[in-house]
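S.K.: coordinates only, no sequence provided:
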DNA sequence: TATCTTTACGACCGATCGGTCTTATTCATA
DNA sequence: TATGAATAAGACCGATCGGTCGTAAAGATA
């Protein structure tokens, strides 16, 4: 690495590989991610990849972190730009749906696919995915709690169920959107209606 | 084949293979389904499988039909035993959650996994999966419509959104249950509350 | 009993899988 | 400018992939 902050050759390669890996894994699955295909797509040698990661598993873990960074940038950050409370909570839901609709990844969503792929399996990769999954839930939960504390959601709000509903709508939106070209509209409407029901001041939210 | 209805040797093999194939595919994915592993698990030769199906794709299609039959028996039929209306609709949701909780398949749910696996891909297998997906939605929609027509759900009920919510709860239950040992309780509670809100006679439904 | 189809097996095929090893080049630093 | 680490390529490895082929039982039918 150079003493200043410039990207050296290897680091540039690393980023390019991980970009392609996230895209490829969103299609073929994180397990189905093939080093041969990845190398071919990037026009580098397969063995060259092993100069950066010792094994496929290590590359998978790096791919997860990379996808997590993209998610933070593309989905979480825009939502955090909204004022704290029910508006920020709904913004997070909306930017998630946007992410799917924008077709950012050919396979829909890296994390949703990976989670379903590794259901019931154990190992460091599934473990890491489970942790990321929990983080996402905790973020939703935090935003919901803040909305209650700000007095923008009625005091008795069952936060656990609300978080479940919002997340469920997102997952189902992805599935239906890609499968039968429906989903995001319903997911938006359903959550919006739910939040307006719970909001102390419904005018904070869009009209629908 | 014999003239009477008995299962001949080949048919028995076929059933045994498809049982194992559904289980294996629910773990490894329908694409990741390996003929070698399948043959090994059943203690038959790999080439023997080709006496029954001409290609892997044909076996995949047969596996889908087999899983569809299991779903019809284990999930749909029990629900249809309930009286038509809001009770039958909720029973379908419950028997679906039961199916997951019972851990009938090691990988959670054959269809949910397969759908996510084939998101964004095309071919006869994804096409068939999409059709089965649509059938499921149509069933939910029919039961919901019947509940409205029976006067058990308020007339203005937005059926499309209700179906989306129920299905979303099911998918999320599966995902969260297997990943973080939570889900089915929320999925049951959330849908039950929603249906009680919409029901003209809430006493038709459980207390929660 | 003789015949024909169904069912199953073992040997084998080319392609691809993840991974190793040796060698060559690039590049920051001393 | 010399040096050593980082980066990359190519040849190669055993294992497994989906799939083919020839052959041998098993079972139904005549």
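M.R.: Received, thanks. All figures in this text were calculated on a predicted structure; none of them were measured in a lab.

S.K.: all contacts plus neighbour counts: C-alpha atoms, from now on.
M.R.: Noted.

S.K.: can you map out the helices along chain A?
M.R.: In chain A, the helices defined using DSSP state H lie at A:9-28, A:35-42, A:46-49, A:56-71, A:77-80, A:86-101, A:110-117, A:124-149, A:159-180, A:184-198.

S.K.: now the ones you listed in JSON lines, with mean pLDDT and mean neighbour count?
M.R.: Shown next, in JSON lines, are the helices of chain A (pLDDT from 0 to 100; neighbours: other C-alpha atoms under 10 Å in any protein chain shown):
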{"stretch": "helix A:9-28", "mean pLDDT": "92", "mean neighbour count": "19"}
{"stretch": "helix A:35-42", "mean pLDDT": "97", "mean neighbour count": "15"}
{"stretch": "helix A:46-49", "mean pLDDT": "96", "mean neighbour count": "14"}
{"stretch": "helix A:56-71", "mean pLDDT": "98", "mean neighbour count": "18"}
{"stretch": "helix A:77-80", "mean pLDDT": "98", "mean neighbour count": "16"}
{"stretch": "helix A:86-101", "mean pLDDT": "97", "mean neighbour count": "21"}
{"stretch": "helix A:110-117", "mean pLDDT": "93", "mean neighbour count": "23"}
{"stretch": "helix A:124-149", "mean pLDDT": "97", "mean neighbour count": "17"}
{"stretch": "helix A:159-180", "mean pLDDT": "93", "mean neighbour count": "22"}
{"stretch": "helix A:184-198", "mean pLDDT": "97", "mean neighbour count": "19"}
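
S.K.: closest to the centroid, which residue in chain A?
M.R.: residue A:71 (4.6 Å; C-alpha atoms, centre = their mean).

S.K.: closest to residue B:152 out of the helices of chain A?
M.R.: helix A:184-198 (21.1 Å; C-alpha to C-alpha).

S.K.: quick one: that closest one to chain centroid distance?
M.R.: Mean-position distance between helix A:184-198 and its chain equals 20 Å (C-alpha atoms, centre = their mean, to the nearest Å).

S.K.: list of residues touching that helix?
M.R.: A:86, A:90, A:93-94, A:97, A:101, A:153-154, A:157, A:165-166, A:169-170, A:172-174, A:177, A:202, A:205-206, A:208, B:160-161, B:164-165 (C-alpha atoms under 8 Å, 6 or more residues apart in numbering or on different chains).

S.K.: what of stretch A:137-154?
M.R.: Taking C-alpha under 8 Å, 6+ apart as the rule, stretch A:137-154 contacts A:84-86, A:88-89, A:155, A:157, A:159-160, A:162-163, A:167, A:195, A:198-201.

S.K.: what do you get for stretch A:155-172?
M.R.: By C-alpha under 8 Å, 6+ apart, the surrounding residues in contact with stretch A:155-172 are A:93, A:96-97, A:112, A:137, A:140-141, A:144-145, A:148, A:183-184, A:187-188, A:190-191, A:198, B:164-165, B:167-169, B:171-172, B:183, B:186-187, B:190.

S.K.: same thing but at 7 Å, please
M.R.: A:97, A:140-141, A:144-145, A:148, A:183, A:187, A:191, B:168-169, B:171-172, B:186, B:190 (C-alpha atoms under 7 Å, 6 or more residues apart in numbering or on different chains).

S.K.: flag every residue of chain A that's near chain B.
M.R.: A:106-108, A:113, A:116-117, A:119-120, A:130, A:161, A:164, A:168-169, A:172, A:175, A:178-179, A:186, A:190 (C-alpha under 7 Å from any C-alpha of the partner chain).

S.K.: try it again with 8 Å
M.R.: Listed as neighbours of chain B in chain A under the rule C-alpha under 8 Å from any C-alpha of the partner chain: A:27-29, A:32, A:106-108, A:112-113, A:115-121, A:130, A:134, A:160-161, A:164-165, A:167-169, A:171-172, A:175, A:178-180, A:183, A:186-187, A:190.

S.K.: if we check DNA strand C, which of the residues you listed are in contact?
M.R.: residue A:32 (C-alpha under 7 Å from any atom of the strand).

S.K.: possible to save the helices of chain A as TSV with distance to residue B:22?
M.R.: TSV is the format used below for the helices of chain A (distance: least, C-alpha to C-alpha, whole Å):
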stretch	distance to residue B:22
helix A:9-28	20
helix A:35-42	28
helix A:46-49	34
helix A:56-71	27
helix A:77-80	41
helix A:86-101	29
helix A:110-117	15
helix A:124-149	22
helix A:159-180	21
helix A:184-198	30
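
S.K.: can you say which of these is nearest to residue B:39?
M.R.: That would be helix A:110-117 among the helices of chain A, by C-alpha to C-alpha, at 22.3 Å.

S.K.: now for the closest one, which elements pack on it?
M.R.: helix A:9-28, helix A:124-149, helix B:110-117, helix B:159-180 (3 or more C-alpha pairs under 8 Å, 6 or more residues apart in numbering or on different chains; DSSP states H and E).

S.K.: and the contacts of that helix?
M.R.: A:22-23, A:25-26, A:29-31, A:67, A:107, A:126, A:129-130, A:171, B:27-29, B:112-113, B:116-117, B:175, B:179.

S.K.: got the contact list for the residue nearest to residue A:173 when sequence neighbours are not counted?
M.R.: Once flanking residues are discounted, residue A:173 sits nearest to residue A:183: 4.0 Å by C-alpha to C-alpha, 6 or more residues apart in numbering or on different chains. Going by C-alpha under 8 Å, 6+ apart, residue A:183 touches A:172-177, B:164.
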